[in-house]
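>>> Sequence below, structure please.
(chains A and B)
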Amino acid sequence: MVAKKIIYSLAVLSLSCSAVSIVAAADGDNKAGIDVTAAAKKELGPTWAYQPIARPEIPAVKQKQWVRTPIDAFILAKQETSGLKPSKDANKAVFIRRATLDAWGLLPTPEEVSAFVNDKSPNAYEKLVDRLLASPHFGERQARRWLDLARYADTTGFQNDSVRANNWRYRDYVIQAFNDNKPYNIFVEEQIAGDELWPNKQDARIATGFLAGYPDNHNSRDLIQRKYEIEVDMANTVGEAFLGTTVGCAQCHNHKSDKISAPEYFQLLSFFANTSFDPNIPLAKGAESKWDIAFREQREKYNKATEEVRAKQKAILDEFREDGVKYYKERYLTDSRESVFKPESEWNALDRWVNFRYKTYASNEGNTVVSYLRMIAEQEDHPQYNPNSVAKWKEYQDLAVELRKFNNLQPNRGSVTITSATELGHPDAPPTFIRFSGIHERPLDEVQPGIPALLGGDKLEDIKPSAVSSGRRTALAHWIVGPNNPLTARVYVNRVWGQYFDKPFVVTPDNFGRSGGRPSHPELLDYLAAEFKQGWDVKSLHRKILLSSVYRQASDERPDVVKVDPANELLAVYPRKRLEAEQIRDSLLYASGQFVDEVGGPGVYPPLIEFLARGRGGSQADVVAQVTDRRRVDTRWPVSKDKADWNRRSIYTFVRRSLPYPLVQNFDPNNPSLAYHKRDVTTTPLQALALFNSDVAVDWSQALAGRLINEAGVNPDAVLNRLYQVLFSRNPTKAEVATLKEFLTTEEKSIAQQLKENNQLAVATPVGLKGAAANQSQASLAAWVDLVHTVANSNEFVYRF
Amino acid sequence: MSNVFSRRDFLRKSGYGLGAAALAGFVPGLSSSLGGLSAARAADIVIDPANPLAPRGTHFPGKVKSIIWLHMNGAPSTLDLFDYKPELIRLAGTGVPESFTKGIKTSTQGGVSQLFASNTRTWKQYGESGAWFSDLVPHLAEHADKITFIKSSVTVGATHDISILKLNTGGVTPGRPSLGAWITYALGSANPDLPAYVVLYNGDREPSGGSVNWSSGFLPAVFQGTAFLPGESPILFLDTPPQRSALQHRASLDLLNKLNTFNTKSRPADTELLARQQSYELAYRMQSAAPEAVDLNKETETTKKLYGLGDDITDSYGATLLRARRLIERGVRFVQIVSGFPENAGAEGNRRSWDAHEDIDGNHGLMAKMVDKPIAGLLADLKSRGLLDSTLVVWTSEFGRTSWGESGTGRDHNPWGYTQWVAGAGFKPGFTYGQTDDIGLQVADKEKAVDTYDLHATILQAIGLDHLKVTFLNNGRSERPTVVYGKVIHELLA
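You can find the predicted model right below:
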């Protein structure tokens, strides 16, 4: 053991997964103002986040009339000590636009705005907030950010980027959980151990899709390495998402800044040692959605139409199956190979994992035997070359051509299965070893499951195996939401605050450790966390924030705040913020009137240029097609035939890890390959190109122009008012109206002149015009589209103030 | 520290000409809109969220200004191109002596049986350096004295995509930033009218695996590679829509500017809003700058011929490399090129990559021909334009190929010893570092092994960046391009 300790410390010296103190770096940028962070640092030790949550007293303040909720008292108390006053309330129209974008990710309609503005009742705000929280759009918006953490995708990533045909059920589970206001503790437990805790509840099993979202490569020949990488992914994701604790550093060496040792890291890893995922569990009886029914019926049609061809193909493959599978198995790396050739009676827990993996992904890939057949038929110099196979291979290829004729009958979205974590019916887990420098091939001592001492150590309750499961994840889940762990509530409350105020209390929502930021308002964070822990009521937390005075403030710039608090840490001004990628697309779509308001279902494929769509789709059929015809142009993005699917919210866009949807990709969305904690805001010309030039954005503007003219009539003032109401929840100012009208006049003239010179010119005109409105001149109508499109590109649309 | 500028410096350098109020730096929420990135997230590199691509300095003077990263997709057999092994030729057809396979885990049970060498290959030494080249790369051989060979390259993995990820990002699972993204993060852009980091590929589709190989990972998305499309208009959404004339486009932009001014007037300190207003003018400039940058009609016939344009096998790859030269000439920092396959090669085009498990003569006969003349042309062209003094060409692959081949006519995957090379700024020309054993299977002297991390660290060094100091704080870790590994191979540097 002494020798091994030396090895650890050597590893630490040679590696540099070092942490930098955010606080120290931030200080330098803040010289002009008061050093809130430094003050907080003095009060709080580096391990503040691991101390029990103390429910702080609500502070006394002078401007009592400003305090609507306890939140306000905490915020105001700090402002008062710095001699700052809060900003006045934002006007009601600004408020409803802000709140609707924050809670739903969509714009309010002009009718919703005027109803709220005209609602003079004392509980107008409460009514608005309750309406927002009761809508399914609330779940869609909250789920989007949760899916960032869950590194959600509809494909596996890596080169093949195989489709995970039923992963959307996990996405829908998350939306539903937020809409049902599922208590957060249950939400956490289901995602970590739903299969163990509620084996008979389909939703709880689907919830383990949180763990199952790891990037994967079904082709991997080194299953032991895969197992290790998957465990690492699960442990790190759980550590960051629920605990705000970076455990990953300790994978390679003892964590320098937080006291998590390498052995403790592997103890954490071992909670997942017995976990497999079964993606082929049949959907529970009676749980079929309309998409499932459509999928099943379509697949039945396809199966029936192709029954004969497939039977002939199978007959050919059967002749070569044994040799082909053996050949395939032999290509695994040494240790995986030992497991896949071992008879089942001799399997240990690790063999079980490896063989389940092999059976689930490798052995059923039709291309195993097909590739083998192709090889022994085509490669004359290959030792296994078999002249008798040549005719069979020819026959097989002909059948493949025949089969392809039925491709249009293939369902391209959906499934009749669910994915769930499973421990394969056994309570005994494979051993977990500490790895030297994190290298999976260099195991050191074996470890048992345990919570790092920093996080509470021995406070883990006993692990109770069941007949079919190790019970390890259950124990971990119970601990995460248990009374001894202060992190879970703090971490979640911090994230939610960050959604509404741009900046969370702890600016590193992924890292509450020594190297992370210190909370700007530690007492308020604890107050909210303490409240939240009473019943884990998610909507109630959102409601408290939405109804606070601090959230209601105007975002107008204030020179006095600039001077005293340039980073706006005291929140004396409401922080304006650029919309997130999906908010931009969804809001434009919503404004255009083409939005299809439907919750859930398999991912959809909005339009994409054909060039980018080319490539393997990663489905079973595609893999076989690729083997039989390498020059075939496949599609990895089968654009939805039903145009209604083009107009769904962005959360329903199919998430292909190797092909992020281009329109939103420029606006700093999450990266689905890793747990993503915070959306950045960067400003680039590529964003301008996407919003100004893309055909989709122009289509929306044409539809929006049509909608406005239909709703407001032909009077330009009325149309302009309506436009500003739809996009900005206000009427244009006189100066704006003058500018816009001047544009309209010159633009109309300019277009008319162009049309005169070339009557073949195709100009963009409003879509869907009804009645007399359509009788205006082409030039006039086209000028309206240009105007609408330009207004939709302006800063005021892309920001919420 | 030379690369740490204050926000004030940035704003001045950004050319946005902001007033004094803007320099006060107050924007509600702005200072934190990159997660506190402006100062807090990065230890050594300060990013202004309002102008994240502003040019930034290096840690110390470096010679490399731009990089052309030639990824040979599918893994060429360098045993058939550069790594001449008489002993392998002598032993071909016999079993692999056990002494050579010590310490490696092979992926095929029956495969490690017979050593293979092509009957048709011939070898010659070239230049003053006397480097060996096979008959597959005659044009490249003429540039022997420009090249720095790394004949002791190693990596991990037996699967293409895992090792390709590692080659580009240092990670074996997706999610880390690519080397190009790190460099863009460290240095910003030298030409705001073009993306700083461009990906080009040869062929009729995006390479499989796609954008994870030029991803910004946990860095802000602004640092990701922009994959150029083939054809005249290389960037998605670059063109003004067909229904909108140039006149309408300009008039709309002018209106937009006025509307945004209404909006920003009451927020004089908000540099982010101002930056967004300006981004439309930058985009407008990009609309003409980007097509111009890839317009090969501006090149002479002689130059086109130099790159092999007009020949079925070399045309598409040559055109890709010529685009790359035009891009780096215009200040693009990092051009990443996936080798692809010849578009016009007819049935031969069935070969989609260098992955020659069988028929290495046929495969490499085509693939080497596809790249040989264009790369030689690129080196000659860069040299004659004086660009080779500031440009580094990197010839790289996810791994090499074994000394045997299960099929008997090809070679399998070899992460234990293979050749990569670089040519140009900062590296010793006409120099060879390291070697493999007598059959070209493993690195001969493990002390001299060059892993992908070491290659990254050394390239960063040649740029003037200390790989240990190009850091970004993510999930509590101070991340760097070389993960937790990497050493600078000083012997390679001029």
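>>> Hmm, residue A:599 is touching residue A:143, no?
No - applying C-beta atoms under 8 Å as the test, residue A:599 and residue A:143 come out as separate, 10.1 Å apart. For every residue, glycine as well, the C-beta is placed using N, CA and C.
>>> shared neighbours, these two?
Common neighbours of residue A:599 and residue A:143, counting by C-beta atoms under 8 Å, 6 or more residues apart in numbering or on different chains, are residue A:175.
>>> Between those two, which is the more surrounded one?
Counted by other C-beta atoms under 10 Å in any protein chain shown, residue A:599 and residue A:143 do not tie: residue A:143 has more neighbours, with 22 against 16.
>>> touching chain A at all, the biggest helix by length in chain B?
Counting by DSSP state H, the longest helix found in chain B is helix B:360-384. No - applying C-beta under 8 Å from any C-beta of the partner chain, one finds helix B:360-384 separated from chain A by no less than 10.8 Å.
>>> Residue ranges in the stretch 1-150 of chain B under the pLDDT threshold?
B:1-44, B:107-113 (pLDDT under 70).
>>> Tell me where it has helices.
B:7-14, B:20-23, B:86-91, B:98-101, B:138-141 (DSSP state H, counting those that start in this stretch).
>>> any idea how far the last one is from the chain center?
Spelled out, that is helix B:138-141. Centroid displacement of helix B:138-141 relative to its chain, using C-alpha atoms, centre = their mean, to the nearest Å, is 22 Å.
>>> all helices of the stretch 401-550 of chain A, in order?
For the stretch 401-550 of chain A, the helices defined by DSSP H, counting those that start in this stretch cover A:472-480, A:487-501, A:522-533, A:538-546, A:549-552.
>>> who wins for proximity to residue B:340 among the ones you listed?
Residue B:340 sits nearest to helix A:487-501 of all those, at 42.6 Å, using C-beta to C-beta.
>>> which residues in the stretch 201-350 of chain B form strands?
Ranges of strands within the stretch 201-350 of chain B are B:226-227, B:334-338, based on DSSP state E, counting those that start in this stretch.
>>> Next: chain A.
Ranges of strands in chain A, per DSSP state E, are A:276-282, A:417-422, A:432-435, A:443-447, A:577-578, A:799-800.
>>> export the ones you listed to CSV and tack on mean neighbour count?
Output for the strands of chain A, formatted as CSV (neighbours: other C-beta atoms under 10 Å in any protein chain shown):
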stretch, mean neighbour count
strand A:276-282, 16
strand A:417-422, 22
strand A:432-435, 20
strand A:443-447, 15
strand A:577-578, 26
strand A:799-800, 20
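>>> Put together a markdown table for those strands, with mean pLDDT and distance to residue B:210 on each row.
Converted to a markdown table, the strands of chain A look like this (pLDDT from 0 to 100; distance: least, C-beta to C-beta, whole Å):
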| stretch | mean pLDDT | distance to residue B:210 |
| --- | --- | --- |
| strand A:276-282 | 96 | 22 |
| strand A:417-422 | 97 | 23 |
| strand A:432-435 | 93 | 30 |
| strand A:443-447 | 93 | 34 |
| strand A:577-578 | 94 | 27 |
| strand A:799-800 | 96 | 31 |
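>>> Quick one, which of the ones you listed gets closest to chain B.
strand A:577-578 (5.7 Å; C-beta to the nearest C-beta).
>>> nearest spatial neighbour of residue B:219, skipping sequence neighbours?
residue B:177 (4.7 Å; C-beta to C-beta, 6 or more residues apart in numbering or on different chains).
>>> Quick check, that neighbour in contact with residue B:212.
No - counting by C-beta under 8 Å, residue B:177 sits too far from residue B:212 to count as a contact (10.4 Å).
>>> which neighbours do those two share?
Shared contacts of residue B:177 and residue B:212 (C-beta under 8 Å, 6+ apart): residue B:169.
>>> And the strands of chain A: which comes nearest residue A:322?
Between residue A:322 and the strands of chain A, the shortest separation by C-beta to C-beta is 23.4 Å, and it involves strand A:276-282.
>>> other SSEs contacting that closest one?
helix A:209-212, helix A:349-357, strand A:417-422 (3 or more C-beta pairs under 8 Å, 6 or more residues apart in numbering or on different chains; DSSP states H and E).
>>> Can you say which of the ones you listed is nearest to residue B:85?
With C-beta to C-beta as the criterion, residue B:85 lies closest to helix A:349-357 of the helices and strands packed on strand A:276-282, at 36.5 Å.
>>> Name all residues that make contact with the closest residue to residue A:649 other than its chain neighbours.
Of all residues not flanking residue A:649 in the chain, residue A:586 sits nearest, at 5.2 Å (C-beta to C-beta, 6+ apart). By C-beta under 8 Å, 6+ apart, the contact set of residue A:586 is A:105-106, A:595, A:649-650.
>>> before we move on, back to that, any idea how far the residue nearest to residue B:219 is from residue A:172?
From residue B:177 across to residue A:172, the span is 32 Å (C-beta to C-beta, to the nearest Å).
>>> any idea how far chain B is from residue A:161?
Separation of residue A:161 from chain B (C-beta to the nearest C-beta, to the nearest Å): 7 Å.
>>> Look up phi and psi at that residue.
Backbone torsions for residue A:161, taken as degrees, to the nearest 10, come to phi 50, psi 50.
>>> now swap in residue B:478 and tell me
Dihedral angles (degrees, to the nearest 10) for residue B:478: phi -80, psi 100.
>>> Settle this for me: it is touching residue B:469, isn't it.
No - counting by C-beta under 8 Å, residue B:478 stays clear of residue B:469, with 9.9 Å between them.
>>> So for the two, which residue has more residues nearby?
Just comparing residue B:478 and residue B:469: by other C-beta under 10 Å the higher neighbour count belongs to residue B:478, 23 against 17.
>>> In the sheet, which residues pair with that one? Tell me.
Residues in a beta bridge with residue B:478, per DSSP bridges, are residue B:473.
>>> Nearest residue to the residue of the stretch 701-801 of chain A at minimum distance from chain B in space, please, no chain neighbours.
Closest residue of the stretch 701-801 of chain A to chain B, C-beta to the nearest C-beta: residue A:764 (3.9 Å). Closest residue in space to residue A:764, ignoring its immediate chain neighbours: residue B:243 at 3.9 Å, by C-beta to C-beta, 6+ apart.
>>> what's the pLDDT at that neighbour?
What the model reports as pLDDT for residue B:243 is 90.
>>> distance of it from residue B:354?
For residue B:243 relative to residue B:354 (C-beta to C-beta), the value is 44 Å.
>>> Tell me which of these two has more neighbours.
residue B:354 (24 against 17).
>>> And that one, how close does it get to residue B:116?
Remark: distance between residue B:354 and residue B:116 (C-beta to C-beta) = 16 Å.
>>> What of residue B:230?
Counting by C-beta to C-beta, the gap from residue B:230 to residue B:116 is 36 Å.
>>> just residue A:570 next, same as before
72 Å.
>>> Tell me which stretches of the stretch 351-494 of chain B form strands.
Using DSSP E, counting those that start in this stretch, strands in the stretch 351-494 of chain B cover B:391-396, B:400-401, B:413-414, B:418-424, B:431-433, B:472-474, B:477-479.
>>> Just the C-alpha atoms of stretch A:525-534, please, in PDB.
Output of stretch A:525-534 as PDB, limited to C-alpha atoms (Å, rounded to 0.1, in the frame of the first residue of the first chain):
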ATOM      1  CA  LEU A 525     -29.400  30.500  -1.400                       C
ATOM      2  CA  ASP A 526     -29.800  28.700   1.800                       C
ATOM      3  CA  TYR A 527     -33.200  30.200   2.500                       C
ATOM      4  CA  LEU A 528     -34.500  28.900  -0.800                       C
ATOM      5  CA  ALA A 529     -32.700  25.600  -0.500                       C
ATOM      6  CA  ALA A 530     -34.200  25.100   3.000                       C
ATOM      7  CA  GLU A 531     -37.700  26.000   1.700                       C
ATOM      8  CA  PHE A 532     -37.200  23.700  -1.300                       C
ATOM      9  CA  LYS A 533     -36.200  20.800   0.800                       C
ATOM     10  CA  GLN A 534     -39.600  20.900   2.500                       C
END
